[in-house]
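Engineer: Kindly generate the corresponding structure for this input.
(chains A and B, ligands or ions: 2)
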Amino acid sequence: MDINQKYTPQSWPDHPETATMEGKNKFIGFWLLLAAETVTFATLFATYLALKDKGPSGMEFSAAGLFELPLVFAMTMILLTSSLTSVYAMYHMKNHNFKAMQAWLGITVLLGATFLGLEIYEFNHYLHLGFGFTNSAFSSAFYVLVGTHGAHVLFGLSWFIALMLRNAKRGLNMYNAPKFYLASLYWHFIDVVWVFIFTVVYLMGVIG
Amino acid sequence: MSSIAQKKGFGATIWDFMTTVDHKKIAILYLISGGFFFLVGGIEAMLIRIQLAKAGNDFLSAGLYNEIITMHGTTMIFLASMPLLLAFMNAIMPLQIGARDVAFPFLNSLGFWLFFFGGIFLNLSWFMGGAPDAGWTNYASLALASEGHGIDFYTLGLTISGFGTLIAGINFLVTIINMRAPGMTYMRMPLFTWTTFVASALILLAFPPLTVGLFFMIFDRLFNSSFFVVEMGGNTIIWEHLFWIFGHPEVYILILPAFGIFSEIFAIFSRKRLFGYTALVFATILIGFYGFMVWAHHMFTVGLGPTANAVFALATMIIAVPTGIKIFNWLLTIWGGSISFTVPMIYAVAFIPSFVAGGVTGVMQAIAPLDYQLHDSYFIVAHFHYVIVGGVVLGILAGTHLYWPKMFGTMLSEKLGKWTFWFFFIGFHLTFFIQHFLGLMGMPRRVYTFGADQGWDLFNAISSAGAVFMAIGVIILLVNVVMTTIKNERVGNDPWGDGRTLEWAIPSPPPFYNFAQTPLVRGLDTFWIEKMDGNKKGMIFAEPLGDIHMPNNSIIPFVISLGMFIASFGALYFLDGDKPWALAVLIIGLLITFGSMLVRSLKDDLGFYITKEELLEDAKGGKTDGH
Ligand code: HEM
Ligand SMILES: [Cu+2]
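Structural biologist: Ligands and ions are numbered 1, 2, ... in the order given. Predicted coordinates for the structure are as follows:
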């Protein structure tokens, strides 16, 4: 692999993310990492369900009373849209259209940052209600589950930004194509986890 | 970038090992540090047996005793057995599949340093206010009540080293999936590679629940959350589930690679193809699969109810079936073979009855009603030492003798090896056989002393005497290592004379690129096939001689791990009140870690090439070394 090799959309391979040995290794390794992440989140979900609404006797908080759907629904839509925009970015990556890829990634990052901002706002709101991390087993489980997801969002955003800045001047090559691809794969994973959080924590929480 | 080796100074050698990404050198790092922790755990074991040698002994106080048993178990499982097995996986597996390195050499180094710093952190507890004392299982009800920072050393230390192990697991999986030489199909892979593969898959899926459980515990103890705090709605049983969802697969993570080593040994020293290779492979996969469905057999007495107990009892009994299949395959491999009783072979033969005894007590414990009697007694202690010492540790000792020449180019003394074996083997049975009966007589585990009127004195004294034999065996092994290294008699490619797989077709130790030309594999036991065909080179090649691409060394893995190590001290003292600097330490540590990760991701690291000319020079007798 020569990092200085210049490509045109014609000479660019169909699957640049797995065109080199390094790319293939990263591709499989990353899927395996996602398997481990899946188990991690499964464990967090199971714990959350076991501790949902559990607290010291007389605790005033419950999922049904606490959560409201409008804001989280908006957050869900924003994050889902950002997954779509990252798909557009990868579409342009595969066509060797660096500028368009950067643009779509930029939009993805903006959407992701909005999501994160709303999540911080939401947490802050609960804190004001007195529902802090140390309030109860319920609050601990809630913040660790949703917060772990939030930390993943933050990491994903930083990853995108680092890649975009690092490669802004030199464009796409065989060395960074797999990196862009994996970052967007990671972004999809985060999105899927959120869909489960929306369903299990918020929808099922509000229903009771 | 000269390829001719120069004699390196001491500092340069240390630097070389700190920055190496070569799987063979990382294997040596694992071997040395795993060996070191094995000695530490061994000393702790001796202290336990001294304390229990007679009734009413006051050699250790009750509190110190709790710390020592906790650290003994934790050290032996996480810091000795695992890394020693990882040493052999690193040293041998890539050679067996004809690869030049693992898939992610950089991550390989990172995995080692995380494990190493985690282990050091855990053991620093001895000097910083006391070790953890809630048992290696660290049950939440005990752990949350434990004073001081011992438990925090446990949770933080295991979190760090657990990340290292997870990384190693992913790395081996990708290596085996992607880097096999042409012709090395899955069903031609040597059994040690197969068991590495399945054990790595278990690591991948079993470590995350442990990590999550450890995080809960860290949060509960250091940041006042209440996952396990019953008054706050928490539930201590969650810890037990998470621990054993990890814990049972963990015992298979340990035993499967040992099975792999024994499988190689039986074939080599019976000079026969493994009997029932396919059955062995599928038994390995089945064990890995069932391994996840039996964890609650550690919780029969918790009160999950008769239905749950019955289901888990059945599942546990079923898992003994594939294990039995393997035993028969090994026996039939020996059957009719032309056997040579080298040290590795002696260990392998001794392993069979020892491990079977442990399996039998396992199935006894799987009978849930009976387990109400056996649970938390010395019977359990006897069981898991029969499977772990009689299986895993014998496997590690056998592997040390078998692979020493491949890793270091010298042969351990067979004579001293046999002395080690007999001392260790006799000592092992002396120590642990009698503990079955102590358990049946009612002696509970994890209690620091017993009364003279309880009738357990004699058996305990015998057990302690056995431990002395084991210690002598280990000391002889150390002498063996030192003498072999001083003598430094170099050996050739196939020092046992009967090697069957690719690692024996290349020099001992191999050049840092392993294979000048990638081999072409024609079948199971590929080196044996070539030998039988009279091929003097030992392999045929899939490519002409050409430039080889290799990864660069890097200090970054060391720095990333160091950052986590520093951050852990910050987390540990975070809520102490009188230590305002703790937050700063936490942040500095995390900055070091994430900063060096950022450097890694922003700086291109494209590796380098060894040219064909250098390879030709090597073949003429010069020796190429990494840079
Ligand atoms: C035939 C296969 C096996 C069966 C049926 C089996 C069954 C069991 C059962 C039911 C227990 C729980 C007993 C209790 O605490 O009341 C147990 C404990 C244990 N087993 Fe096994 N086992 C088997 C193989 C192994 C192997 C291969 C290893 C390790 C290499 C192992 C390591 C352990 C350990 C470490 C414990 C005790 C954990 C603790 O409480 O500290 N077992 N086994
Ligand atoms: Cu078990």
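
Engineer: Tell me which residues touch whatever residue of the stretch 351-500 of chain B ends up closest to chain A, please.
Structural biologist: Relative to chain A, the nearest point of the stretch 351-500 of chain B is B:A368 (23.1 Å; C-beta to the nearest C-beta). In short, each C-beta sits where N, CA and C put it, glycine included. When contacts are counted by C-beta atoms under 8 Å, 6 or more residues apart in numbering or on different chains, B:A368 touches B:H297, B:F300, B:N309, B:A310, B:F312, B:A313.

Engineer: again, only using 10 Å
Structural biologist: B:296-297, B:300-301, B:304, B:306, B:308-314, B:316, B:375 (C-beta atoms under 10 Å, 6 or more residues apart in numbering or on different chains).

Engineer: what does chain B put close to ligand 1?
Structural biologist: Residues of chain B found near ligand 1 (C-beta under 6 Å from any ligand atom) are B:137, B:251, B:254-255, B:297-298, B:316, B:319-320, B:323, B:359, B:362-363, B:365-366, B:371, B:374-375, B:380, B:383-384, B:387-388, B:391-392.

Engineer: taking the residues you listed one by one, which sit in helices?
Structural biologist: Among the residues of chain B next to ligand 1, DSSP state H puts B:251, B:254-255, B:316, B:319-320, B:323, B:359, B:362-363, B:365-366, B:371, B:374, B:380, B:383-384, B:387 in helices.

Engineer: Narrow the residues you listed to just the buried residues.
Structural biologist: Neighbour-count burial within those applies to B:251, B:254-255, B:316, B:319-320, B:323, B:359, B:362-363, B:365-366, B:371, B:374, B:380, B:383-384, B:387; the criterion is 16 or more other C-beta atoms under 10 Å in any protein chain shown.

Engineer: number of nearby residues for B:D605?
Structural biologist: B:D605 has 13 neighbouring residues, counting by other C-beta atoms under 10 Å in any protein chain shown.

Engineer: Is it in a helix, a strand, or coil?
Structural biologist: coil (DSSP: H, G, I helix; E, B strand; the rest coil).

Engineer: separation between it and chain A?
Structural biologist: Distance of B:D605 to chain A, given as C-beta to the nearest C-beta, to the nearest Å: 10 Å.

Engineer: Name the nearest residue to that residue, ignoring sequence neighbours.
Structural biologist: B:N552 (5.7 Å; C-beta to C-beta, 6 or more residues apart in numbering or on different chains).

Engineer: same deal with A:A177?
Structural biologist: Spatial nearest neighbour of A:A177, excluding adjacent residues (C-beta to C-beta, 6+ apart): A:P16 at 3.8 Å.

Engineer: Alpha carbons of the helix or strand of chain B with the lowest mean pLDDT, as CSV, please.
Structural biologist: Every helix and strand in chain B was compared by mean pLDDT, DSSP states H and E; the lowest is helix B:612-619, with a mean of 86. Provided in CSV are the C-alpha atoms of helix B:612-619 (Å, rounded to 0.1, in the frame of the first residue of the first chain):
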residue,chain,number,x,y,z
LYS,B,612,14.9,-9.4,-0.8
GLU,B,613,18.7,-8.8,-0.5
GLU,B,614,18.5,-8.7,3.2
LEU,B,615,16.5,-11.9,3.3
LEU,B,616,19.1,-13.6,1.0
GLU,B,617,21.9,-12.5,3.3
ASP,B,618,20.0,-13.9,6.3
ALA,B,619,19.6,-17.2,4.5
